[in-house]
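Chemist: fold the following and give me the result.
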Amino acid sequence: MKKYGCLLGITALIGWTIFLAVAIFLIISLRGTSLRYTIDGLVIDSPKWELRAAVASGDSGNILRAFDKATYRPVWRMNDAIPTMQGYLTNPNPLVRCYAAKALYMFGNQSGYSTLLDLVNANQPMIYFENDLRADAAETLSKYRQTVAEEAIYALYGKIDTRFKGDIIEALETLAPNRAATLIATDYYGDTPSMRVYGIVNARQFLPQITSTFQNSTKVDVKLAAAWDLATMTGDQTAIDYLAQAAQEALNGKTTSVNMRELVRYLGTIQDPRMKPLLEQALYSNDSTVAQCAIVNLLYNQGGSDKAIDVLADALYRKRMDLTVDFMLEVASQFNDNPKIRAAGESFAKTDVMGWWQLWTVERKNWPIYNWIDGYILKWNKAP
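Modeler: Take a look at the predicted model:
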């Protein structure tokens, strides 16, 4: 009986071994293909199928979800995604046209420019989910630095409902700061978000009020924002000293009242010999959002940094696990010509079962930095 039990066990083991071998063979053989059902030649649940179904439904929510999902699908190759999106640029639904053009810009393709410009130039509102599609189009053209659209976006400010004028000012902050400054010329607000805007658009008409705020405010975040305004607009040395001291104290753990991520964004815009060492110290912050802001500002706004490159390489070698994967890949892939990053990327790829490094360095190599960089850099010292 023991003999037969042993034989049964061996037979079962052999059976499972064969099963696993066949399964692994099929997975490898069929990788990149699909066994799913197709309709009209399109695989169900594929990006193209989902887009077609959503657009046909005419439901705005379905359309937005489908475009958002399709844009980021790793399985969708650019040689298919780009012509597919271009095919929607002439769709009768303006929401479809707008989001197809937005996706193309994200892919690094500017063929949707005229589509977005036509929307900006439209005289009638195009409201969806309490938004005006014209403002959405203006923000996209601004985000991707389409300076030839400046006049049209500025003209839209006079046509659009008051609810959306702030969106147009934000678009002009990036694309034409001098135009934005004229639109906020009269009213001064001493809160932190407003102070940041004054510095971004160089609103020098408020310098007396900003100086007073810096000297008299008891709120740390407001005082820092005012200091940054003075530093960027006038080079005020007292303001620069205050920012540097606040950063050093925060990095040394002497204060917890400072929004360090925001302070790093301030430091990144200032050309002063103390700023780069402070930013490099912030690379090792316990707060990953602070470290990420420091990396981007060092690499793009402070002339580069070997220490920032080393931190990215460590993340790819998995010696450092605090940086988000998306951030690490977005930034590191932009520096794949750097020997340290290239070697670290090759090491990462060896255990990268999902193919992320290949995705970012090959399929998405033309995706522009404007997809993500404005969240880290407050104001460019020199536009890339």
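
Chemist: going forward, measure contacts between C-alpha atoms and count neighbours the same way
Modeler: Fine.

Chemist: for the stretch 201-350 of the chain, what spans make up the helices?
Modeler: Assigned by DSSP state H, counting those that start in this stretch, the helices in the stretch 201-350 of the chain fall at 207-216, 220-234, 237-251, 260-268, 275-282, 288-301, 306-316, 325-332, 339-350.

Chemist: could I get those as TSV with mean pLDDT, distance to residue 102 and mean neighbour count?
Modeler: As requested, the helices of the stretch 201-350 of the chain are exported to TSV (pLDDT from 0 to 100; distance: least, CA to CA, whole Å; neighbours: other CA atoms under 10 Å):
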stretch	mean pLDDT	distance to residue 102	mean neighbour count
helix 207-216	96	37	16
helix 220-234	96	32	24
helix 237-251	96	37	18
helix 260-268	96	27	24
helix 275-282	97	33	21
helix 288-301	96	24	24
helix 306-316	96	29	20
helix 325-332	94	19	17
helix 339-350	96	29	17
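
Chemist: and the ones you listed as JSON lines, adding distance to residue 382?
Modeler: Shown next, in JSON lines, are the helices of the stretch 201-350 of the chain (distance: least, CA to CA, whole Å):
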{"stretch": "helix 207-216", "distance to residue 382": "23"}
{"stretch": "helix 220-234", "distance to residue 382": "13"}
{"stretch": "helix 237-251", "distance to residue 382": "19"}
{"stretch": "helix 260-268", "distance to residue 382": "12"}
{"stretch": "helix 275-282", "distance to residue 382": "16"}
{"stretch": "helix 288-301", "distance to residue 382": "7"}
{"stretch": "helix 306-316", "distance to residue 382": "19"}
{"stretch": "helix 325-332", "distance to residue 382": "18"}
{"stretch": "helix 339-350", "distance to residue 382": "24"}
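
Chemist: relative to residue 176, which of those is closest?
Modeler: helix 220-234 (16.3 Å; CA to CA).

Chemist: among the helices of the stretch 201-350 of the chain, which is nearest residue 200?
Modeler: helix 220-234 (8.1 Å).

Chemist: what's the local residue count around residue 235?
Modeler: Neighbours of residue 235 under the rule other CA atoms under 10 Å: 16.

Chemist: against residue 285, how distant is it?
Modeler: 28 Å (CA to CA, to the nearest Å).

Chemist: then residue 346?
Modeler: 27 Å.

Chemist: thought residue 205 was touching residue 185?
Modeler: Yes: using CA atoms under 8 Å, residue 205 makes contact with residue 185 at a distance of 7.1 Å.

Chemist: circling back: of all the helices of the stretch 201-350 of the chain, which one comes closest to residue 81?
Modeler: helix 325-332 (19.3 Å).

Chemist: by contact count, what packs against that closest one?
Modeler: helix 306-316 (3 or more CA pairs under 8 Å, 6 or more residues apart in numbering; DSSP states H and E).

Chemist: quick one: the helix it packs on to chain centroid distance?
Modeler: From the chain centre to the centre of helix 306-316 is a distance of 20 Å (CA atoms, centre = their mean, to the nearest Å).

Chemist: helices of the stretch 1-150 of the chain, residue ranges please.
Modeler: Under DSSP H, counting those that start in this stretch, the stretch 1-150 of the chain gives helices at 2-30, 47-57, 60-72, 78-87, 94-106, 113-121, 133-143, 150-159.

Chemist: reformat those helices as TSV; add distance to residue 292 and mean pLDDT.
Modeler: As requested, the helices of the stretch 1-150 of the chain are exported to TSV (distance: least, CA to CA, whole Å; pLDDT from 0 to 100):
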stretch	distance to residue 292	mean pLDDT
helix 2-30	36	55
helix 47-57	31	92
helix 60-72	22	93
helix 78-87	28	95
helix 94-106	21	97
helix 113-121	31	98
helix 133-143	20	97
helix 150-159	31	96
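
Chemist: can those go into a markdown table with extra columns for distance to residue 372?
Modeler: Output for these, formatted as a markdown table (distance: least, CA to CA, whole Å):
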| stretch | distance to residue 372 |
| --- | --- |
| helix 2-30 | 34 |
| helix 47-57 | 23 |
| helix 60-72 | 13 |
| helix 78-87 | 19 |
| helix 94-106 | 10 |
| helix 113-121 | 19 |
| helix 133-143 | 10 |
| helix 150-159 | 21 |
